[in-house]
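K.L.:
Here is my input, please return the structure:
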Amino acid sequence: MNFFSMFKKTDRKGADSTVSSDELTESGQGREGAELIDTTLSIHPEWQVPQEQEYVFRFLANELEPLKPYQLSLAGIDIDVDERNGQWLVKAFFRSSVPQPVQMGPVELLLVTQDGKLAASKEFDMQELGSIEPETARPWVFVFDKQDQFLKEAPEEGWTLNFNVQSLAPHKLELKPEWENSLDDEQKKALEELVESLPALRPRELNMTGFQARPQDDGGLAIALLVRNGYSRKINLEQLPLEVVDAAGDVICKGTFTLPPLTVSANTTTPWTFVFPKEVVQKQNPDLSRWTARVPR
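P.N.:
Here you go, the predicted structure:
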């Protein structure tokens, strides 16, 4: 990819987004009342930048607003669309007013329109940017593929590229009031340990994991699922078709549930119980030593 040819304009169409560094790193806390900090241009050491291109970089970097101390920022420049494959090439400066070098790992970035709509999201390995020295601004191109995009067209002006801070926090258990009130501390701890033991979710993955199945006295079946949300936004489930398969591979029950809705916050797991009435149970005496709940195809 020719990064340099993408930075031709000297006017910015994107806006700035900033976070306190302690939300993303362990580098320190902000200083209230401290002087604002100007950032200077920092070129990636592997880039061999022509003088004309460096002039464009420097002009754009000099136009950026100062940062407060201990901030990290993504300052949007503009977006090119690759007509061959539909990729959005989002150009921005990664900026730091942290007094120590900053090098980050995988972070989900959110492209947000001027009116607050999520245009695209993707996890990027920020190690590729290298070490960001104190009080510097490093230009970069963040490529969003078609599957990362949520709008038909790329935003034109006033958009922001944001760190998804919540995606960096540990995935956690979130209990609804009815669960919170019915479980004792030992049961809650066991659920937390179960959630922590599960494989990490990919960005924008919604996953259901069963952890309890109980035949009912009337012939129905109750199952408890962990609804796991890997999205950067909350998910509302209003209708959910489910079927349960036992250890023999047989579908033992199938049905569609209308929910209140069931809201699962971003980057959390919420347990919920689904009760299949006896009318939809297709197999008597199923082998529940191992079972799976899934959305029917």
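
K.L.:
Could I get the CA-only coordinates of stretch 82-101 as CSV?
P.N.:
Written as CSV, here are the backbone C-alpha positions of stretch 82-101 (Å, rounded to 0.1, in the frame of the first residue of the first chain):
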residue,chain,number,x,y,z
ASP,A,82,-11.0,2.1,-3.0
GLU,A,83,-13.4,1.6,-5.8
ARG,A,84,-11.9,-1.8,-6.6
ASN,A,85,-12.8,-3.5,-3.4
GLY,A,86,-14.9,-1.0,-1.4
GLN,A,87,-12.4,-0.5,1.3
TRP,A,88,-12.5,2.8,3.3
LEU,A,89,-9.0,4.2,3.8
VAL,A,90,-9.3,6.3,6.9
LYS,A,91,-6.4,8.7,7.4
ALA,A,92,-5.7,10.1,10.9
PHE,A,93,-3.0,11.2,13.3
PHE,A,94,-2.4,9.1,16.4
ARG,A,95,-1.3,11.7,19.0
SER,A,96,0.0,11.5,22.5
SER,A,97,0.6,14.0,25.3
VAL,A,98,1.8,11.3,27.6
PRO,A,99,5.4,12.0,28.9
GLN,A,100,6.5,8.4,28.2
PRO,A,101,6.6,6.5,24.8
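
K.L.:
What average pLDDT does the host helix or strand of Thr18 get?
P.N.:
For Thr18, the element it lies in under DSSP states H and E is strand 16-20. pLDDT averaged over strand 16-20 equals 78, rounded to a whole number.

K.L.:
same deal with stretch 254-270?
P.N.:
93.

K.L.:
Pro139 falls within a strand, correct?
P.N.:
Yes. Pro139: assigned to a strand according to DSSP: H, G, I helix; E, B strand; the rest coil.

K.L.:
Surely it touches Phe93?
P.N.:
Yes. Between Pro139 and Phe93 there is a contact at 5.6 Å, judged by C-beta atoms under 8 Å. Any C-beta I mention is one placed from the backbone N, CA and C, and that applies to glycine too.

K.L.:
shared neighbours of these two, anything?
P.N.:
Here Pro139 and Phe93 share the contacting residues Leu60, Ala61, Ile77, scored by C-beta atoms under 8 Å, 6 or more residues apart in numbering.

K.L.:
Of the residues you listed, which is the most crowded?
P.N.:
Ile77 (24 neighbours; other C-beta atoms under 10 Å).

K.L.:
Tell me how far that one lies from Asp16.
P.N.:
11 Å (C-beta to C-beta, to the nearest Å).

K.L.:
so where's this protein uncertain?
P.N.:
1-11, 21-34, 167-168 (pLDDT under 70).

K.L.:
In contact with the residue nearest the centre of it, which residues?
P.N.:
Centroid-nearest residue in the chain, with C-alpha atoms, centre = their mean: Ser232, separated by 4.0 Å. Ser232 makes contact with Glu108, Leu110, Leu118, Ser121, Asn164, Gln166, Ser167, Pro203, Arg204, Ala266, Asn267, according to C-beta under 8 Å, 6+ apart.

K.L.:
and with 7 Å instead?
P.N.:
Glu108, Leu110, Ser121, Asn164, Gln166, Ser167, Ala266 (C-beta atoms under 7 Å, 6 or more residues apart in numbering).

K.L.:
leaving aside the residues next to it on the chain, what's closest to it?
P.N.:
Asn164 (4.7 Å; C-beta to C-beta, 6 or more residues apart in numbering).

K.L.:
try Asn229
P.N.:
Here the residue nearest Asn229, using C-beta to C-beta, 6+ apart, is Val264, at 4.3 Å.
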